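# Here is the input, now give the coordinates:
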Amino acid sequence: MSPTLIIWIVFFVLAALFVIPYVRRIMAKEQAVLEAHQESLDYGLFSPASLHPIVNPDQCIGTGNCVEACPEKDVLGLLSGQAMPVSPARCIGHGLCERSCPVNAIELVFGTSKRGVDLPRLQENFETNVPGLFVVGELGGMGLIRNAFEQGRQCIELLKLKPVPKDSGELDLAIIGCGPAGLSCALFASEKGYSYLVLEKDGIGGTVLNYPRKKLVMTAPLILPGPFSLMEREYFKEDLLEIWKGLVDEFKLHIKEHEIVHSIEKSATGLFEVKSSSGVIKARNVVLAIGRRGIPRKLGVVGEQLPNVAYSLKDARHYEGDRCLVVGGGDSAVEAALSLSEEMGTTVYISYRQDQFSRIKKDNLDRLKSAISTGAILPFMRSNVLEIKNSEVILSLSDGETQSVPNDFVFIFAGGTLPTEFLQNCGIKIDTVFGSKNRKTKTN
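Just a heads-up that it's a prediction; the model follows:
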């Protein structure tokens, strides 16, 4: 056998053992990326509503670090040797992709060139255009627990206040909201010896209190003061609230629950007057950590004021054996419907105005499809609520017909409205951001 033939045989053996399987793996991965991309188009996950990654193709060298770093999966993928957004609407803004890129080819931005996001105008220290009035957390566009907590810490670190005398009748700081950002502000304000008070319209945990029982809440590893830490990626709502309440007790944080803030005004003396349901608080600085939902968006239909209508679901066990209609097609609506469907004897309907569920997590979509296939959830697609009654709901269907659905309780998940009017009454300017990281924007 000639040396040349031996070389060719070795070449083909090596190709069969290593090169061909490698190429097949690459092709399979790219096919998976294409399928995930098509799914994102089908389900409306390619039009992000808030923070999401963009990739500079002139800088990307295709290491795949960003794809591996993203715990959400399918947000980014490799195609033809370069990273690309696959399902950007699934991004929750933790920024691991951005930090993992060795050539800085990725950045997180707000909005797109066609779809803007309304955000309060902020400086680098989270101060608004109103001196002494700050915004942190989800209201400023940052939705992840870890990021919100970090923003709260940074905001307090950057204040560098000289504490006022304790008998002056005023506070160094009023904090509005006790979600992760507000809780963080309170922790670090306490550590620095500032006088402060947290006002929360619900209870410790803020919006999380209204999540369904046993809902999984996503975060990222976070070292907290004292004997507390968040080292898992997911926590049940109840476990997360227990950790937060533990922080409050451990550090004896000053929090007033069930306190509704009506207005924030700056007096001629430079002090803020925070008017709430129990009176007026005077403070040199105010931090808003109230989230973006504002108040639940209503449908504006007859009967929506009835006592059997709610805009959140805390515990599905209370509705065992009832007939329940869930209105909406996002994650909150789907998770509520799934929770209700797990209760013995509960009949669950879901009404959605589109012909398919969009902008929801893949796990939720898979569970929903399974529940529908078994009859645990009965869907009314391309439908709208016309009227709510004590024991039935009238739906309008896509063919122009109406449908009466027997019903005991209605849960509406139509999203929330940014508290724009409240912010503007505080003097805060709102910018509409179009695909920008540095918020060069149109101003409302």
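# From now on I want contacts and neighbour counts done on CA atoms only, so please keep to that.
Noted.
# pretty sure Arg297 is in contact with Pro419, am I right?
No: using CA atoms under 8 Å, Arg297 is not in contact with Pro419; the gap is 11.1 Å.
# Where do the strands of the stretch 301-444 of the chain begin and end?
When assigned using DSSP state E, counting those that start in this stretch, the strands of the stretch 301-444 of the chain occupy the ranges 309-310, 323-327, 347-352, 377-381, 384-388, 392-396, 402-406, 409-412, 416-417, 430-433, 442-443.
# could you pull out the strands for the stretch 151-300 of the chain?
Using DSSP E, counting those that start in this stretch, strands in the stretch 151-300 of the chain cover 171-176, 196-200, 216-218, 222-223, 229-230, 234-236, 255-257, 261-266, 272-276, 279-288, 295-296.
# Return the most buried member of the ones you listed.
Stretch with highest mean neighbour count among the strands of the stretch 151-300 of the chain: strand 171-176 (a mean of 25; mean count of other CA atoms under 10 Å).
# quick one: average confidence on it?
In this model, strand 171-176 has a mean pLDDT of 95.
# Going forward, the N-terminal residue is numbered 527.
Sounds good: first residue 527 from here, last item strand 697-702.
# What is it packed up against?
Contact here means 3 or more CA pairs under 8 Å, 6 or more residues apart in numbering; DSSP states H and E; on that basis strand 697-702 packs against helix 706-717, strand 722-726, strand 805-814.
# Out of the strands of the stretch 677-826 of the chain, flag the one nearest Leu645.
Nearest to Leu645 among those is strand 805-814; the distance by CA to CA comes to 13.0 Å.
# Compute the inter-axis angle for the closest one and strand 722-726.
Interaxial angle of strand 805-814 relative to strand 722-726 (axes from the mean of the first three to the mean of the last three CA atoms, to 10 degrees): 90 degrees.
# Strand partners (parallel or antiparallel) of strand 805-814?
Counting by DSSP bridges, the strands paired with strand 805-814 are strand 659-661 (parallel), strand 697-702 (parallel), strand 798-802 (antiparallel).
# So for the first one, what gets flagged as buried?
This means strand 659-661. Neighbour-count burial for strand 659-661 flags Leu659, Phe660, Val661 (criterion: 16 or more other CA atoms under 10 Å).
# what separates it from the chain centre, distance-wise?
Centre-to-centre, strand 659-661 and its host chain are 20 Å apart (CA atoms, centre = their mean, to the nearest Å).
# any residues touching it, and which ones?
With contact meaning CA atoms under 8 Å, 6 or more residues apart in numbering, strand 659-661 is reached by Pro646, Leu648, Phe652, Glu653, Thr654, Cys681, Asn811, Val812, Val813, Leu814, Ala815.
# residues contacting the third one?
Phe652 is in contact with Phe660, Val661, Val662, Cys681, counting by CA under 8 Å, 6+ apart.
# how about those residues in a markdown table, adding pLDDT?
Formatted as a markdown table, those follow (pLDDT from 0 to 100):
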| residue | pLDDT |
| --- | --- |
| Phe660 | 95 |
| Val661 | 93 |
| Val662 | 92 |
| Cys681 | 92 |
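# Switch these over to JSON lines; also include distance to Glu846.
JSON lines is the format used below for the contacts of Phe652 (distance: CA to CA, whole Å):
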{"residue": "Phe660", "distance to Glu846": "44"}
{"residue": "Val661", "distance to Glu846": "41"}
{"residue": "Val662", "distance to Glu846": "39"}
{"residue": "Cys681", "distance to Glu846": "45"}
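# Closest one of the residues you listed to Gln557?
Closest approach to Gln557 among the contacts of Phe652 (CA to CA): Val662, at 40.3 Å.
# Once you drop chain neighbours, what's closest to the closest one?
Nearest residue to Val662, sequence neighbours excluded (CA to CA, 6 or more residues apart in numbering): Ala815, at 5.4 Å.
# Can you tell me which of the contacts of Phe652 is nearest Ile533?
Set against Ile533, the nearest of these by CA to CA is Val662 (65.5 Å).
# Could you check how far the closest one is from Gly901?
Separation of Val662 from Gly901 (CA to CA, to the nearest Å): 43 Å.
# Settle it for me: which of the two has more neighbours?
Val662 (30 against 14; other CA atoms under 10 Å).
# In contact with the closest residue in space to Leu756 that isn't next to it in sequence, which residues are there?
With CA to CA, 6+ apart as the criterion, Leu756 has its nearest non-adjacent residue at 4.9 Å, and that residue is Leu748. Each residue near Leu748 by CA under 8 Å, 6+ apart is listed here: Arg672, Ser755, Leu756, Met757.
# need the helices for this structure, in chain order.
Listed in chain order, the helices found in the chain under DSSP state H are 529-540, 546-568, 591-595, 622-626, 671-685, 706-717, 763-777, 857-867, 888-899, 946-951.
# Deepest-packed of the ones you listed, please.
With neighbours taken as mean count of other CA under 10 Å, the helices of the chain reach their highest mean count in helix 706-717, at a mean of 26.
# Could you name the helices and strands sitting against that one?
Helix 706-717 is packed against helix 671-685, strand 697-702, strand 722-726, helix 763-777, with contacts defined by 3+ CA pairs under 8 Å, 6+ apart.
# which residues do Arg823 and Pro945 both contact?
Between them, Arg823 and Pro945 share no contacting residue, judged by CA under 8 Å, 6+ apart.
# Any chance of JSON lines for the helices and strands packed on strand 697-702, columns mean pLDDT and distance to Ala562?
Converted to JSON lines, the helices and strands packed on strand 697-702 look like this (pLDDT from 0 to 100; distance: least, CA to CA, whole Å):
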{"stretch": "helix 706-717", "mean pLDDT": "92", "distance to Ala562": "32"}
{"stretch": "strand 722-726", "mean pLDDT": "95", "distance to Ala562": "40"}
{"stretch": "strand 805-814", "mean pLDDT": "95", "distance to Ala562": "38"}
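# okay if I get the ones you listed as CSV plus distance to Ser917?
Shown next, in CSV, are the helices and strands packed on strand 697-702 (distance: least, CA to CA, whole Å):
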stretch, distance to Ser917
helix 706-717, 39
strand 722-726, 35
strand 805-814, 41
